[in-house]
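> Build the 3D model from these lines:
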Amino acid sequence: MVVIPEVEVDPEQIAKGIEEAYEKGKQHCMVVVAEGASYNATRLDAYFKEHQERLGFELRVAILGHIQRGGTPSAYDRILASRLGFNAVKHLLEGEKGVLVGQIKSEIRTTPLPEVVASKKMLDPELIELAKVLD
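Below is the predicted model of the structure:
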């Protein structure tokens, strides 16, 4: 199952989908929750814990962002963090505010926040409808 911000989902729908998977003989089920979904992984986990006795199964949550951020930073990570931090302070001291400091093609650049927000890609509504039909 996939939970995305563009389609409102009720945790009971997810529970029903998991239950149907087990009825079909599945031993396990995976629910992928996209960032920005109203029922994020933490909220779903809390819901399933609260209703575990009624639902009859438990959820195990792994937040990919937490897993990806683990481990010891490499020299590249440390240098990049220093470059980004230095440039963020430099731009602030120069009076430039409301920008995102990032690396584009190995070059540290700023992007105005309105441009960052405006570049959000929306999911194709036809894909959402197709997913509902396939469900």
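> Where is the longest helix in the chain?
helix 75-93 (DSSP state H).
> So for that one, what gets flagged as buried?
The neighbour-count criterion (16 or more other C-beta atoms under 10 Å) identifies 87-88 as the buried residues of helix 75-93. Any C-beta I mention is one placed from the backbone N, CA and C, and that applies to glycine too.
> which residues touch that helix?
Outside helix 75-93, the residues that touch it by C-beta atoms under 8 Å, 6 or more residues apart in numbering are 73, 97, 99, 101-103, 108, 110.
> And the pLDDT at the most centrally placed residue in the chain?
Closest residue to the average C-alpha location of the chain: E35 at 2.6 Å, with C-alpha atoms, centre = their mean. Looking at E35, its pLDDT is 82.
> Name the SS class of it, please.
On the three-state scheme (DSSP: H, G, I helix; E, B strand; the rest coil), E35 is labelled coil.
> Please tell me how far it sits from T42.
In this structure, E35 and T42 are 12 Å apart, going by C-beta to C-beta, to the nearest Å.
> Find the least confident helix or strand in this structure, judged by mean pLDDT.
helix 125-134 (a mean of 66; mean pLDDT, DSSP states H and E).
> among the contacts of helix 75-93, which are in strands?
Residues of those located in strands (DSSP state E): 99, 101-103, 108, 110.
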